[in-house]
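Peer 1: Return a 3D structure for these sequence lines:
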Amino acid sequence: LEGTGPEVTLDPLETVGQKSAVSQLVKAASQMDAVDSSLLRVRLASGGDPLFPLTIRLTGEAVQGNSGSFREFLLRMSRDLLVPSQALFVECPSAAQGRNRGRHIICPGEPDALSLKLFEFVGKLLGMSLRSDVPLPLDLLPSVWKAILEQPLDDADVAAADTLWAQSLDTLTAIDTEES
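Peer 2: Numbers count the residues shown, from 1 in each chain. Predicted coordinates for the structure are as follows:
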């Protein structure tokens with residue numbers, strides 16, 4: 001049912017030569033901001049060709065159908081979300097110790113208004129990805145997914161995110177235990 005849902009139009013050549021692809025992310029998010037979330041709720045994919053909640057137009061690219069452009073859209077948005085200058089996600093601190101390299105956590109600190117809008121967009125991307133059965137290639141630490149699902153975090157989650165902080169916490173806990 002191509003062409004029945006909302007449409008997002010991006011120009012992939014806009015970001016050629018730029019250090020950051022954030023403008024594509026912000027442009028897509030602003031186009032999606034006006035879309036009623038109920039329009040993105042397609043029937044769950046169950047074998048055969050999935051249904052896509054959006055029609056993606058990549059100007060300057062001749063793409064037949066929506067499958068390839070939708071997958072490319074999710075890939076581009078995932079890549080753009082992990083751009084350090086965007087400040088939504090950062091590589092987990094334990095990567096400096098060689099653990100969980102390439103995995104990301106939510107950027108600590110209070111998000112600004114744009115970041116909140118982009119996190120809402122991340123939620124829409126996740127929902128569209130799940131319902132259309134097209135993976136959203138965000139390499140987030142498992143504890144991030146646990147937090148999104150409101151599952152309790154444990155010491156192993158803390159250690160996976162930041163090995164040095166977890167070691168410091170263990171040291172402080174040991175000192176407190178010895179004093180008791």
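Peer 1: Name the residues of the longest helix anywhere in the chain that come out as buried.
Peer 2: Looking across the chain with DSSP state H, the single longest helix is helix 113-132. Buried residues in helix 113-132, counted by 16 or more other Cβ atoms under 10 Å: 115, 117-118, 121-122, 124-125, 128-129, 131-132. (Glycine included, C-beta is placed from N, CA and C.)
Peer 1: and what of stretch 25-41?
Peer 2: Residues of stretch 25-41 classed as buried by neighbour count (16+ other Cβ under 10 Å): 25-29, 31-32, 35, 40.
Peer 1: Determine which two of those residues are furthest apart.
Peer 2: 26 and 40 (18.9 Å; Cβ to Cβ).
Peer 1: so where is the chain shaky, pLDDT-wise?
Peer 2: 1-4, 15-22, 44-45, 47-49, 62-65, 176, 180 (pLDDT under 70).
Peer 1: Strands of that one, start to end?
Peer 2: Using DSSP state E, the strands of the chain run over 7-10, 55-58, 89-91, 104-106.
Peer 1: re the thing from before, return the closest of the buried residues of helix 113-132 with respect to residue 86.
Peer 2: Closest to residue 86 out of those is residue 118 (7.3 Å), distances taken as Cβ to Cβ.
Peer 1: any idea how far that closest one is from residue 36?
Peer 2: With distances taken as Cβ to Cβ, to the nearest Å, residue 118 is found 19 Å from residue 36.
Peer 1: circling back: what separates the longest helix of the chain from the chain centre, distance-wise?
Peer 2: Here helix 113-132 is found 7 Å from its chain centre; the criterion is Cα atoms, centre = their mean, to the nearest Å.
Peer 1: quick one: the helices in the protein?
Peer 2: For the chain, the helices defined by DSSP H cover 22-33, 67-81, 113-132, 142-148, 155-161, 163-179.
Peer 1: Switch those over to CSV; also include distance to residue 57.
Peer 2: Formatted as CSV, these follow (distance: least, Cβ to Cβ, whole Å):
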stretch, distance to residue 57
helix 22-33, 10
helix 67-81, 7
helix 113-132, 16
helix 142-148, 30
helix 155-161, 38
helix 163-179, 44
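Peer 1: quick one: which of those is nearest residue 53?
Peer 2: Closest among the helices of the chain, once you apply Cβ to Cβ, is helix 113-132, at 5.0 Å.
Peer 1: Next, the contact list for residue 114, please.
Peer 2: Each residue near residue 114 by Cβ atoms under 8 Å, 6 or more residues apart in numbering is listed here: residue 26.
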